[in-house]
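**Student:** sequence and predicted structure below; questions after.
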Amino acid sequence: MDRAKGFIRLPAEATKEGKAKSIPINRHVKAVLDTLPRALHHDYVFTYMGKPIKKDCKSGLKTACAATGIIYGQKVEGGFRFHDIRATFDTNMDSAGVSESRRKAIVGHSQNGMDRHYLRPKDAELREAMDRFTAWIDAQTASVAQNVVQGGNGAS
């Protein structure tokens with residue numbers, strides 16, 4: 001992680017496609033990471049009992065879903081999948097007006113056609129895209145909070 005510049009940097013050997021990736025973090029993610037005790041800071045975001053999870057965290061997600069009553073599983077109708085997090089993030093970035101090429105770079109999708117050869121977003125462009133998304137999500141959150149405070153949630 002590049003804390004100084006606010007990016008999670010994945011080396012090529014750590015990605016499915018074998019290509020290095022840079023993912024900007026917003027102030028909300030930074031705030032969460034800053035709450036971790038310094039002794040726990042290492043190259044892994046997800047840990048279990050203080051040890052890094054190096055492969056995937058699907059079993060932990062499955063356990064968490066079971067504990068909270070959320071239906072889990074790709075083969076279960078209406079089941080929640082880890083991929084749903086990525087899809088929701090991408091959809092919300094689109095709603096925030098982030099361009100497709102920036103979304104693909106941040107989410108980790110490959111570019112299509114000739115774009116895969118020519119589009120190479122710079123850190124500043126990815127940061128701007130994340131800032132746009134963060135402003136949008138903050139506005140959505142504020143709107144929902146205001147609606148709840150005013151009691152206008154439509155429930156009767």
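**Tutor:** Thanks, I have it. Numbers count the residues shown, from 1 in each chain.

**Student:** residues contacting residue 100?
**Tutor:** Counting by Cβ atoms under 8 Å, 6 or more residues apart in numbering, residue 100 touches residue 94. For every residue, glycine as well, the C-beta is placed using N, CA and C.

**Student:** and residue 140, how close does it get to residue 131?
**Tutor:** Distance, residue 140 to residue 131, using Cβ to Cβ, to the nearest Å: 15 Å.

**Student:** report the helix or strand with the lowest average pLDDT across the chain.
**Tutor:** When each helix and strand of the chain is scored by mean pLDDT, DSSP states H and E, helix 115-118 comes last, with a mean of 62.

**Student:** ok, then the element right after that one?
**Tutor:** helix 123-149 (DSSP states H and E).

**Student:** low-confidence bits of the chain, can you list those?
**Tutor:** Where the chain drops to pLDDT under 70, the residues are 37-46, 54-56, 111-119, 152-156.

**Student:** which residues in the chain form strands?
**Tutor:** Secondary structure of the chain (DSSP state E): strands located at 7-10, 21-24, 47-48, 51-52.

**Student:** tell me which of these is the most buried.
**Tutor:** strand 21-24 (a mean of 19; mean count of other Cβ atoms under 10 Å).

**Student:** what lies in contact with stretch 130-150?
**Tutor:** 24-28, 92-93, 95-98, 106, 153.

**Student:** kindly recompute the last result at 10 Å.
**Tutor:** Residues outside stretch 130-150 that contact it (Cβ atoms under 10 Å, 6 or more residues apart in numbering) are 6-7, 23-29, 89, 92-99, 102-103, 106, 152-154.

**Student:** mind listing what's buried along that stretch?
**Tutor:** Neighbour-count burial for stretch 130-150, counted by 16 or more other Cβ atoms under 10 Å, picks out 130, 132, 133, 134, 136, 137.
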